[in-house]
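Undergrad: sequence isn't available, so here's the structure alone:
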């Protein structure tokens, strides 16, 4: 685990969240709040997850970390909507304890807009899956990105930049 990374029983909360999704579904809310107490109350009120907005509003990575603490205190899944689909931002958010990141819509919007644009040569769908010891977490997301983009059917080919450690994993 990277220095400063948060370990709060995330695997248990993720497992519980996935079970909810497979069953009757999960209940959650999209929140722009800066108040971790509000996030905690959501959990005690029965929410299964919260999507914390880092894209719009006044939240920063530092304030999001406190919101994630509120979610973990109440045992709900903290998902963070990041402002950009950038590996360093996503890694930082995961390192502070996010159980998930919301980026699929961003990818869907961008590829849909430029799917027939001849100025785009390729779509590099995922860079270095499995990096930072996230092998088993990366593969499902990489596959989801491929599924989304293939359904859009762009004229450009799709690529993925893999590392030697990922090749050994698959």
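TA: Okay, I see it. Just so you know, these numbers come straight off a predicted model, no measurement behind them.

Undergrad: okay, CA-based contacts and neighbour counts for the rest of this
TA: Will do.

Undergrad: and the helix ranked longest in the chain, how far out from the chain's middle?
TA: Counting by DSSP state H, the longest helix found in the chain is helix 135-152. Centroid separation for helix 135-152 versus its chain: 12 Å, with Cα atoms, centre = their mean, to the nearest Å.

Undergrad: ok, and for that helix, which residues are buried?
TA: Going by neighbour count (16 or more other Cα atoms under 10 Å), the buried part of helix 135-152 is 135, 138-139, 142, 145-146, 149.

Undergrad: adding distance to residue 64 as columns, could you present these in TSV?
TA: As requested, the buried residues of helix 135-152 are exported to TSV (distance: Cα to Cα, whole Å):
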residue	distance to residue 64
135	25
138	22
139	26
142	25
145	25
146	29
149	29
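
Undergrad: picking up where we left off before, packing partners of the longest helix of the chain?
TA: helix 104-114, strand 123-127 (3 or more Cα pairs under 8 Å, 6 or more residues apart in numbering; DSSP states H and E).

Undergrad: now these in CSV, with mean neighbour count, mean pLDDT and distance to residue 159?
TA: CSV is the format used below for those (neighbours: other Cα atoms under 10 Å; pLDDT from 0 to 100; distance: least, Cα to Cα, whole Å):
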stretch, mean neighbour count, mean pLDDT, distance to residue 159
helix 104-114, 14, 81, 14
strand 123-127, 15, 79, 5
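
Undergrad: nearest spatial neighbour of residue 38, chain-adjacent residues omitted?
TA: In space, not counting the residues next to it along the chain, residue 38 is nearest to residue 70; the distance is 7.9 Å by Cα to Cα, 6 or more residues apart in numbering.

Undergrad: check which helices and strands the helix or strand hosting the one you found is in contact with.
TA: Assigned by DSSP states H and E, residue 70 falls within helix 61-74. Applying 3+ Cα pairs under 8 Å, 6+ apart, one finds that helix 61-74 contacts helix 36-44, strand 49-53, strand 77-81.

Undergrad: now do that helix: distance to the chain's middle.
TA: Distance, centroid of helix 61-74 to centroid of chain: 15 Å (Cα atoms, centre = their mean).

Undergrad: relative to helix 36-44, how tilted is it?
TA: Between helix 61-74 and helix 36-44, the angle comes out at 30 degrees (axes from the mean of the first three to the mean of the last three Cα atoms, to 10 degrees).
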